[in-house]
Structure formats: structure tokens, C-alpha cells
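Colleague: below: sequence and its predicted model.
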Amino acid sequence: MTEKPPVLRLENIVKTFPGVRALDGVSFSVLPGEVHALMGENGAGKSTLMKVIGGIYQPNEGRIFVDEKPVVMATPLESKAKGIVFIHQELSLAEELSVAENIYLGELPRKSFGRVDWATLYARTNEILGKLNVGFDARTRVGELSIANQQMVEIARALTQKAKAVIFDEPTASLTDAEKVVLFDVIADLTANGVGVVYISHRMEEIFKMTDRISVLRDGQYRGTLVTAETDQDEITQLMIGRSLDLTRNDRHSELGDVALEVRGLSCGHFYRDVSFEVRRGEVVGFYGLVGAGRTEIAETLFGLREPSAGTILLDGKKVRIHSPADAIAHGISLVPEDRKTQGLVLGMNCRDNMTLPQIDDLTAGPFVAEGAEVAIFDQYRDRLDIRTPSWRQIVGNLSGGNQQKIVIGKWLSMHPTVLIVDEPTRGIDVGSKSEIHNLIRDLAAHGYAVIVISSEMPEVLHVSDRIIAMYHGEMIRTFTSDEVTEDNLIQAISGDARDGAMAAAAQGA
């Protein structure tokens, strides 16, 4: 049987910027009905390649083919007109407009005299939303939706197009497990209808579950294409970063010090209740659970972003009250937030100013900022954390995800905290940078920090934690040491099976 020609093919694409060869002779293709992963470290050239396909950048050399016909993608509209649809990681929605208006923006159905046909618009939109099994309708204002549901609106856009190829860029970054199932069903429907799917993700488990082939970029160069069923994570990692990684469970044991943080009976409305735990100096305590388990809300309470409804917080054995982030910082608690781009960084500012922002008052003499002191702080943590940037003047938004995360960590380390909370430390970060962040977390513990890590990735929480607290629907189900935890008992705990089993046993005993 003859293989069908690619729906999209790139041939020897070169793209240069002043002083940088971002793409160096990259070739790539996607076949009709296949899911083709594009992988590489942050900065490998994936985003640049997608912008070439999308008509945002024009290549210096090379050619693009759609259905084996040479095309020029001069603008994003031309790319879309040729059947190339993008589902971007960074949301591009108009929050004040309805879901229907966002999905059909620029293509609203019309009646006579150019009037919008609202009935048709809402009917078409609700038909698409029905396929996605979402809990909102066509008339809902997008600004009222969660980030996960806004991502579903982006996905719904793709279903309105007569697409030849759909490009998903980190599509599950904001989705719950249930929403991921819906997304995977959508992708299966697309491929069943002959659409080619390009799937960009750092999540290896998704790559090996979803894709047919995997292409790898490194340093702007094409490193090869492998059949997913014929390769493994180690081979892909070798192609991506040129070395293998240690992704085994944590079997290192830091020298533990005194209890730095103790929480007794902490509750916060319907988010979580009766949570008690402690973290020692030199220890990494991991929090693991499904979306909605209350993990992030606990971190936000400790950092003064939420008021607890009950309970006590003790630092070095002394009871403290934390009503604001300023209180938390004064008590030596720092938080690296879940979403670094919207909560941890000012993307348009340079690296130095981002890193010194929380202590700007201490670096100000009269109306002037002590620039030399700012640069000294940046230089110290750039070297300590191996932040890769040409200088402190670099705009943070231009850095890779891993280096952005290091800037956020450096910002809070420069405040010399006792307790460091890191929420989803490697979300949207490539496998090489992920390993560096993991090593950094362990190194911080070894230097006496009390560290809390909140993660949705089981391999991550197993790899870095000395103890793991499993949560389910706002409750602490069980605390595991690194020696006793297994994937099976951890899954059982966060799914509620352990609690339900204990309650059933108690009822039977009564």
C-alpha cells in the first residue's frame, strides 16, 4: 500500500536573526491522519519553526509544501487559509466577548445588510461545545471562564476550520485529567478524518501515548525522526540534550535539621480542611493530588494570599499570623507560583529588575535605585543557578522556560527565606531544564532550606521528595516517606480509594 503524501512538509528551513541562527536546515513533515510530536529543549527552535509555518516569520532559506504544492506563508491569515490551524499555549482570546464570538471571530455568520446571524452563531457554537463536553455555552463571556476552559475554547476554534494540519502547542498544560480525555478524543476524531496533527509537549507520557512519530530539534538543527512504538524515553532524551538523565526515585537523604514550619488543623472554606504537617530544614516535602485537591490553596494560605478559616501556623516553634505576602516574606516564607508568566514575572522587564523586585525598597536611596547593588544580586544568583542569558539587560520574556523559572527562584532566594514553596516547578519546561530544576531543589534542601514542592507529575514528586503528602478533595489522605511510597499506593491515595477503604473498615468495625 502506497503511503499518502504529507499534508504539510518543510524542506531545509533556515531562519536567522541578528547574531543567531535559530533554524539551520530543518526538514519536517506530517502525514494525513497521524499525530507527529515535535520535541526539543526550550530554545531548540520549535517556536521559531511554528512561526515560520504560521506566516509570522519568513524563512531565509527553504520551502514549505501543503499537499505537496509549494506555498508561501506570508501572513497568519494565509497560513490559516491553506488549512493550517494553531492551538496556542498562550491564550489569544478576547475576554469581553462571548465564547461564540471568540470561536468565529472574523467569520461571524451574516444575514441581510451585514447583520450578525446570532441564532446561527450560537447554534453552531453549541454544537461544537457539545463535542467537547464542556460546562458552558455559546453565550458565556470568556473572561468568566477558568484558564482550563479558555483552553477548551481555543481547541473549539480548530473544529470550525477545514483543517489539513492542526498544531497543538502544550495543549494539556492547563487541563484537568477529565479535560485531557476529551482533548485526546478530539485529536482521535481529527486524525480519523485525515487531518495531520503536530503535537508539541514536554510531557513524555503524553508523547508516548498519543503520537505515531517523534521529530527532535536541538540547537536549531533537525536531529531525527523516530517511530514512537520503536523508541523509548532515554533515546528521545539523548537526541534532545545529548545525554541521558537520572529520573529515578529519590534515594538521597539530606541531613535534617529542626522543624522550620509546622501547620496544625489548617482549614480554608471549601478548599481544604484540617491539614496538619511539618517541614524540617534540609527536607523536601511533596504535595501530590488531582486538580482541586487543595494543594495550591494551602500554598496560597501560607503565603498570605488566602485567609484560613481555622488552624495554626508555626515558624521555628512560634505561632505566626500571615495576612499578606508581605507578612509571609517578613516571616521567611517565599512562593514560586504555579504560573510563572502571569504570577511570577513581569515579562517586559529585564532579568535584573525581575529578580530584585521584591526588595526594591531596600535598594532605594531617596529617589534613586542602587543599580550596582541590583546587578550584584543578579550576578550572584545567575552564577549560583546557572541562568543562561547574555546579560541582566535581557528581557525576561525572551528567555527559555527553564531560565525564566530560575529567575523566579532566584528572586525569592535573594530574600533569604527559611521556607521555599515551589508550585508546579517544571510546568512547560523541557526535560533537560527539568532535570536542572530538580537538582536545584535537592541542592537547596542540602543547604538547609525547608522546601515544599507541589506537583501534578508523579515522577517529579517521587524524584525530589523526602516525604509525600497525598491529598484528595481538600483532605490529607496519607503521608509517605520516600522509602515506603509506590506508584500504586500513591495513586490509590489521591483517588480517594484509601480514604473510602478506611471509612468502610471503620464502619464495619463499629
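Modeller: It's in.
Colleague: and the spatially closest residue to residue 184 that is not a sequence neighbour, how many neighbours?
Modeller: The shortest distance from residue 184 to any non-neighbouring residue, by Cβ to Cβ, 6 or more residues apart in numbering, is to residue 210 (6.5 Å). Just so you know, the C-beta spots here come from the backbone N, C-alpha and C atoms, and that holds for glycine as well. Residue 210 has 21 neighbours, counted by other Cβ atoms under 10 Å.
Colleague: quick one: residue 210 from residue 197, how far?
Modeller: 9 Å (Cβ to Cβ, to the nearest Å).
Colleague: with residue 179 instead?
Modeller: For residue 179, the distance to residue 197 - Cβ to Cβ - is 17 Å.
Colleague: for residue 62, same thing?
Modeller: Residue 62 sits at a distance of 22 Å from residue 197 (criterion: Cβ to Cβ).
Colleague: with residue 431 instead?
Modeller: 21 Å.
Colleague: which elements pack onto the helix or strand where residue 50 lies?
Modeller: Per DSSP states H and E, residue 50 falls inside helix 46-53. In terms of contacts (3 or more Cβ pairs under 8 Å, 6 or more residues apart in numbering; DSSP states H and E), helix 46-53 is packed against strand 8-17, strand 20-30, strand 35-39, strand 165-169.
Colleague: any idea of the angle that helix forms with strand 20-30?
Modeller: For helix 46-53 against strand 20-30, the angle by axes from the mean of the first three to the mean of the last three Cα atoms, to 10 degrees is 70 degrees.
Colleague: so which bits of the next helix or strand after helix 46-53 are buried?
Modeller: Counting by DSSP H and E, the next helix or strand C-terminal to helix 46-53 is strand 61-66. Buried positions in strand 61-66, judged by neighbour count with 16 or more other Cβ atoms under 10 Å: 62, 64-66.
Colleague: still on that earlier bit, please name the residues that touch the residue nearest to residue 184.
Modeller: 35, 37, 184, 187, 199 (Cβ atoms under 8 Å, 6 or more residues apart in numbering).
Colleague: need the contact list for the last one.
Modeller: The contact partners of residue 199, by Cβ under 8 Å, 6+ apart, come to 35-38, 168, 171, 187, 206-207, 210-211.
Colleague: at 6 Å instead, please
Modeller: If you count contacts by Cβ atoms under 6 Å, 6 or more residues apart in numbering, residue 199 has them with 35, 37, 168, 211.
Colleague: neighbours of the second one, how many?
Modeller: Neighbour count for residue 37, taken as other Cβ under 10 Å: 25.
Colleague: tell me what it is bridged to.
Modeller: Taking DSSP bridges, one obtains residue 199, residue 214 as the residues bridged to residue 37.
Colleague: ok, now how distant is it from residue 433?
Modeller: Distance, residue 37 to residue 433, by Cβ to Cβ: 18 Å.
Colleague: got it, and residue 378?
Modeller: Distance of residue 378 to residue 433, given as Cβ to Cβ: 19 Å.
Colleague: so which residues of the stretch 301-450 of the chain form strands?
Modeller: Residue ranges of the strands in the stretch 301-450 of the chain, as given by DSSP state E, counting those that start in this stretch, are 310-315, 318-320, 333-336, 364-365, 368-369, 419-423, 450-455.
Colleague: between these, which one is nearest to residue 286?
Modeller: With Cβ to Cβ as the measure, strand 450-455 is the member of the strands of the stretch 301-450 of the chain nearest residue 286 (4.8 Å).
Colleague: show me what whichever helix or strand comes after that closest one is packed up against.
Modeller: Moving toward the C-terminus from strand 450-455, the next helix or strand (DSSP H and E) is helix 458-464. In terms of contacts (3 or more Cβ pairs under 6 Å, 6 or more residues apart in numbering; DSSP states H and E), helix 458-464 is packed against strand 284-289, helix 431-446.
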